[in-house]
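**Student:** Got a predicted structure plus its sequence, pasted below:
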Amino acid sequence: MPQLDIINLKAAYNDQPVLENVTLSVEKGDIVSLIGPSGSGKSTLLRVLMGLLLPKEGQVLLENNAVDYANKGELRQLRESIAIVFQQYNLFQNMTVLENVMITPTKIKGWPKQQVEQDARRLLERVGLSHRINAYPDQLSGGQQQRVAIARALALKPTILLLDEVTAALDPEMVNEVLDTIRELASEGITMFIVSHEMSFVREVSSKVVFMADGQVVETGSPQQVFDAPTHERTRQFVSKILRH
Ligand SMILES: Nc1ncnc2c1ncn2[C@@H]1O[C@H](COP(=O)(O)OP(=O)(O)OP(=O)(O)O)[C@@H](O)[C@H]1O
């Protein structure tokens, strides 16, 4: 049974269609990378999965259960199973690194503080920030802040992690430290959706690459297949363009 099944999903901003019949099946532990030209709907697909934009048609099945995006309680639960990290890390500036990671599980979920703190320390160790837990965000580099944001996203123990261009705002020398963190999480078996312009990283880390254009999934395959032997002309054009850079 797939962990996540996206079936004929349609979405629109106002009346402007942005996703058309998106169908995608994701197994537990899959690292799915969405690639495609600017405006092809990659970020929108992540937003719809999180319920930040409601689908117009189609279905999302999570562990075989259809998600009812109109149901607030279900949406809250969904956002515990699926977490998202954006390009902008949006940390709380008045809280330390440790407090940033602990805030949602303690304040929103009411989980016991001692256990949450233990988990938060472990998460910060996983993202390589054990030595900065008492720092404030503005004392950290962009790469470190983004790793705190990743740890915070993992604090509710989601089973799926969505990463939307998380390295796009970083200085080049900080990109690799964040990619290393993602690489490590990927090897630990958490299911991930990645939208990234770091193509060599996408190629290395993904189990599935999904090429989107004009709000549609044009082609899905292994990185080798999509990058080296694309079946569709649009994929071929896109891949040859990005590989020339
Ligand atoms: N908040 C919004 N309101 C209206 N239209 C939007 C909004 N956000 C995105 N769009 C439009 O939806 C389409 C898909 O955008 P989306 O951001 O999903 O593309 P993308 O593939 O992630 O692009 P990029 O690689 O540039 O981030 C585009 O035509 C975009 O202009």
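**Tutor:** Okay, I see it. Computed from a predicted structure; not experimentally measured.
**Student:** Only C-alpha atoms from now on, for both contacts and neighbour counts.
**Tutor:** Will do.
**Student:** what's the spacing between the residue nearest the centre of the chain and the ligand?
**Tutor:** When the chain is reduced to its mean C-alpha position, the closest residue under Cα atoms, centre = their mean turns out to be residue 162, at 1.4 Å. Going from residue 162 to the ligand by Cα to the nearest ligand atom, to the nearest Å gives 13 Å.
**Student:** now do residue 154
**Tutor:** Between residue 154 and the ligand the distance, using Cα to the nearest ligand atom, works out to 23 Å.
**Student:** quick one: secondary structure of residue 28?
**Tutor:** coil (DSSP: H, G, I helix; E, B strand; the rest coil).
**Student:** So what's the residue count around it?
**Tutor:** With neighbours defined by other Cα atoms under 10 Å, the count for residue 28 comes to 16.
**Student:** got the phi/psi numbers for residue 230?
**Tutor:** When read as degrees, to the nearest 10, the backbone of residue 230 gives phi -60, psi 140.
**Student:** Quick check, it in contact with residue 240.
**Tutor:** No - using Cα atoms under 8 Å, residue 230 is not in contact with residue 240; the gap is 10.1 Å.
**Student:** neighbour-wise, which of the two wins?
**Tutor:** residue 230 (20 against 13).
**Student:** Can you give me every residue that contacts the residue lying closest to the more buried one once chain neighbours are set aside?
**Tutor:** Nearest residue to residue 230 in three dimensions, chain neighbours excluded: residue 236, at 5.6 Å (Cα to Cα, 6 or more residues apart in numbering). In this structure, residue 236 makes contact with 227, 229, 230, judged by Cα atoms under 8 Å, 6 or more residues apart in numbering.
**Student:** how close does the first one get to the ligand?
**Tutor:** Think residue 227. For residue 227, the distance to the ligand under the criterion Cα to the nearest ligand atom works out to 18 Å.
**Student:** Assign the residue of the chain most remote from its centre to helix, strand or coil.
**Tutor:** Note on the chain: the largest C-alpha distance from the chain mean falls to residue 114, namely 28.1 Å (Cα atoms, centre = their mean). Here residue 114 takes the helix state, with states given by three-state DSSP.
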